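Q: Sequence plus predicted model, see below.
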Amino acid sequence: KKLDLLPKDKANGHILVIDVGASNIDMSLLQDRQEEEPEVMFHSTCANMGGNALQTALVNILLRDFYGPEMTVSTMSDGMALQRLYDAAEGAVMELSSKIRSEIKIPFLSMDIATKQPKHLETGVG
């Protein structure tokens with residue numbers, strides 16, 4: 001049975017399907033044939049570019065934005081803060097599969113040395 005996933009005025013044409021797995025991204029270009037099953041026009045798999053790579057890239061962006069341009073996953077020494085960033089990035093990547101934007105909020109991620117006050121991460125990705 002054909003699923004009506006596209007609005008009627010947009011249903012005639014091509015459909016790009018992107019499946020982000022843990023370690024791969026699969027892309028398929030389909031030709032919508034109205035009453036029949038869509039025909040696969042093109043398929044490609046990008047190895048080593050799945051959700052794990054996206055998650056690490058997002059953690060690196062969060063680290064640089066929060067701590068400064070020199071900070072990356074490989075230079076971060078606070079293991080607990082890094083794990084909290086990975087958990088938040090994993091949640092954001094999963095949420096972005098069904099939404100346009102995801103908010104990341106991590107309270108008490110670090111301490112401001114000068115003011116001795118906690119620092120909280122609040123940002124959005126999308």
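A: Sure thing, it's come through. Numbering: from 1, shown residues only.

Q: nearest spatial neighbour of Leu82, skipping sequence neighbours?
A: Leaving aside its chain neighbours, Leu82 sits nearest to Met76 (4.8 Å; criterion: C-beta to C-beta, 6 or more residues apart in numbering). Quick note: C-beta positions are derived from backbone N, CA and C, even for glycine.

Q: no wait, Leu96
A: Ser102 (5.3 Å).

Q: wait, the one you found sits on Thr123?
A: No - the pair Ser102 / Thr123 is not scored as a contact, 9.7 Å apart, by C-beta atoms under 8 Å.

Q: Those two: which has the busier surroundings?
A: Between Ser102 and Thr123, counting by other C-beta atoms under 10 Å, Ser102 is the more crowded of the two (20 against 15).

Q: The most centrally placed residue in the chain is in what secondary structure piece?
A: Central residue check for the chain by C-alpha atoms, centre = their mean: the C-alpha nearest the mean position is that of Val93, 3.2 Å away. Under the criterion of DSSP states H and E, Val93 resides in helix 79-95.

Q: same for that helix, what does it pack against?
A: Using 3 or more C-beta pairs under 8 Å, 6 or more residues apart in numbering; DSSP states H and E as the contact criterion, the neighbours of helix 79-95 among helices and strands are helix 51-67, strand 102-112, strand 117-125.
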